[in-house]
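Participant: Output the structure for:
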Amino acid sequence: MVTTVVRTRRRADPVAPPALFRLAGHAVRWRLIQELALSDRQVRELTTLVREQQSLTSYHLGQLRQGGLVSVRRSSADARDAYYSLDLVACRDALVDAGTSLHPGLRQSLPISLPVDGTLAPRAGRSAVRVLFVCTGNSARSQMAQALLETAGGPAVTVQSAGVSPKEIHPGAVRVMRARGIDISGRRPKHVDELEGQTFDVVVTLCDRAREACADLARWGVARHWSMADPASEAASDDDAPFVRAADELTTRIAFLLPQISGEDP
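Facilitator: Residues are numbered from 1 along each chain as shown. The predicted structure follows:
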């Protein structure tokens with residue numbers, strides 16, 4: 001009788017854990033990731049939120065930056081400050097890579113896109129989620145964000161936008177949104193003071209000046225910050241590229257915001 005011995009093939013060399021596990025597996029870094037998943041923040045805010053010394057907080061932020069999960073940009077309000085942002089697309093891709101390293105059947109990657117037909121329905125038993133976008137001039141970023149979320153969210157959301165120093169809507173924003181099938185040419189910029197007395201579920205500031213000028217916006221609802229460059233300050237009169245970049249970034253950020261506000265408490 002012949003005995004067959006079946007041996008399980010093993011890797012010859014040990015393999016390091018995927019980068020996401022190494023980065024997020026540390027308690028402080030995981031808390032930083034959780035906070036940045038909600039809002040862009042300054043290092044002093046993160047130090048308070050994670051209850052660690054600034055030197056340690058900065059060290060772990062550096063690790064997350066080196067790993068490609070976090071980015072930083074200088075504040076447009078005060079260049080001495082900086083805002084840290086979590087790259088949710090990079091987190092998603094790192095999670096896919098981590099799953100694939102364990103088993104190819106765990107590979108699942110979804111494209112970043114927004115619904116275009118407004119088919120999301122309000123949460124059962126609850127009214128539409130009220131969202132406010134605020135930037136400096138209410139001339140580009142906040143108007144674009146309002147239009148994108150209105151189009152994607154449909155009856156699940158009620159969206160407004162305002163500025164701390166309103167200006168006429170920028171033609172570049174109008175052109176870029178029109179290319180995406182959305183007309184914002186007839187919208188009117190308004191000052192945040194016009195919304196006094198209203199309440200919102202989520203208030204999102206889109207520029208550093210607006211956030212620092214309206215530090216009490218949290219009284220209107222859950223405050224979040226997306227530190228975005230002003231496309232109008234970067235563009236020549238006929239250059240739409242900064243507005244395209246802004247629209248792309250808003251599309252990505254809103255795609256990640258939608259599941260939070262449509263399916264669970266923000």
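Participant: Contacts only, for residue 147.
Facilitator: 177, 182, 184, 187 (Cβ atoms under 8 Å, 6 or more residues apart in numbering). Just so you know, the C-beta spots here come from the backbone N, C-alpha and C atoms, and that holds for glycine as well.
Participant: please redo it, this time with the cut-off set to 7 Å
Facilitator: Each residue near residue 147 by Cβ atoms under 7 Å, 6 or more residues apart in numbering is listed here: 177, 182, 184.
Participant: Average pLDDT for whatever helix or strand it lives in, rounded please.
Facilitator: Residue 147 belongs to helix 141-153 when assigned by DSSP states H and E. Mean pLDDT, helix 141-153: 95.
Participant: Format the CA atom coordinates belonging to that helix as CSV.
Facilitator: What follows is helix 141-153, C-alpha atoms only, in CSV (Å, rounded to 0.1, in the frame of the first residue of the first chain):
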residue,chain,number,x,y,z
ARG,A,141,-16.8,75.9,-3.7
SER,A,142,-19.9,76.1,-1.6
GLN,A,143,-22.2,76.6,-4.6
MET,A,144,-20.6,73.6,-6.4
ALA,A,145,-20.9,71.5,-3.3
GLN,A,146,-24.6,72.4,-2.9
ALA,A,147,-25.4,71.6,-6.5
LEU,A,148,-23.5,68.3,-6.4
LEU,A,149,-25.2,67.1,-3.2
GLU,A,150,-28.6,68.3,-4.3
THR,A,151,-28.3,66.3,-7.5
ALA,A,152,-27.0,63.2,-5.9
GLY,A,153,-29.1,63.3,-2.7
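Participant: Dihedrals phi and psi, residue 49?
Facilitator: As for residue 49, its main-chain torsions (degrees, to the nearest 10) stand at phi -70, psi -40.
Participant: Please tell me I have it right and it contacts residue 36.
Facilitator: No - at 9.8 Å, residue 49 and residue 36 do not qualify as touching, with contact defined as Cβ atoms under 7 Å.
Participant: which SS state does residue 229 fall under?
Facilitator: coil (DSSP: H, G, I helix; E, B strand; the rest coil).
Participant: That one and residue 53: what is the separation?
Facilitator: From residue 229 across to residue 53, the span is 31 Å (Cβ to Cβ, to the nearest Å).
Participant: for residue 232, same thing?
Facilitator: Residue 232 sits 39 Å away from residue 53, going by Cβ to Cβ.
Participant: out of the two, which sits in the busier spot?
Facilitator: More neighbours surround residue 232 than the other of residue 232 and residue 53, with 20 against 10 (other Cβ atoms under 10 Å).
Participant: one step back: I'd like the next helix or strand past the helix holding residue 147.
Facilitator: strand 157-163.
Participant: Other residues contacting that following strand?
Facilitator: When contacts are defined by Cβ under 7 Å, 6+ apart, strand 157-163 is touched by residues 128-138, 142-143, 145-146, 149-150, 189-192, 194-195, 261.
Participant: the strands in this structure, which residues?
Facilitator: Using DSSP state E, the strands found in the chain span residues 70-74, 82-86, 129-135, 157-163, 202-205, 222-225.
Participant: Quickly list what the residue nearest to residue 190 when sequence neighbours are not counted is bridged to.
Facilitator: Counting by Cβ to Cβ, 6 or more residues apart in numbering, residue 162 is the residue found nearest to residue 190 once chain neighbours are left out, at 5.2 Å. On the basis of DSSP bridges, residue 162 is bridged to residue 134.
Participant: What does the pLDDT read for residue 157?
Facilitator: In this model, residue 157 carries a pLDDT of 91.
Participant: Leaving out chain neighbours, which residue sits closest to it?
Facilitator: Setting aside the residues directly before and after it, residue 157 is nearest to residue 129 in space (Cβ to Cβ, 6+ apart), at 5.1 Å.
Participant: Noted, bye for now.
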